[in-house]
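> Would you be able to build a 3D model of this:
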Amino acid sequence: MSPTSKDTSVSEKKNETRGFRKVREGLVVSDKMQKTVVVAVEDRYKHALYGKVVRRTSRLKAHDEHNAGLGDRVLLMETRPLSATKRWRVVEILEKAK
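Okay, the predicted model is just below:
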């Protein structure tokens, strides 16, 4: 094995260890904090036994530099912990509230 092939395999492993960040879409339900919004993210799954599609809503706190308003549809991306409860940031505002 040549030293160059060993170096490339090590660099490939370094690139693979970092995973992709999660991206979610949700609706802003609160914008009363400074640079933080609460976003409701809906998750749908099929019940294992009965087969009914069940909706589950999670409320995520997200860092907001774009000044999203109440009712806006936003795109969130996972990020490093910014506070005790904030682990998401607003990437873009997809649709403004009417």
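> In this structure, what residue spans correspond to strands?
Counting by DSSP state E, the segments of the chain that form strands are 23-33, 36-46, 53-63, 73-78, 88-95.
> Which neighbouring elements make contact with the third one?
Based on contacts counted as 3 or more Cβ pairs under 8 Å, 6 or more residues apart in numbering; DSSP states H and E, the elements that strand 53-63 packs against are strand 23-33, strand 36-46, strand 73-78, strand 88-95. Where you see a C-beta, it was placed from the backbone N, CA and C, and this is true even at glycine.
> With mean pLDDT and mean neighbour count added, can I get those in CSV?
CSV is the format used below for the helices and strands packed on strand 53-63 (pLDDT from 0 to 100; neighbours: other Cβ atoms under 10 Å):
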stretch, mean pLDDT, mean neighbour count
strand 23-33, 98, 15
strand 36-46, 98, 15
strand 73-78, 98, 18
strand 88-95, 98, 17
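> Adding distance to residue 54 as columns, could you present those strands in TSV?
Converted to TSV, the helices and strands packed on strand 53-63 look like this (distance: least, Cβ to Cβ, whole Å):
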stretch	distance to residue 54
strand 23-33	18
strand 36-46	6
strand 73-78	22
strand 88-95	23
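> At the geometric centre of the chain, which residue sits there?
By Cα atoms, centre = their mean, the chain has its centre lying nearest to residue 77, at 3.4 Å.
> ok, that residue - contacts?
Shown in contact with residue 77 (Cβ atoms under 8 Å, 6 or more residues apart in numbering): 21, 22, 23, 88, 89, 91.
> Good, we can wrap up now.
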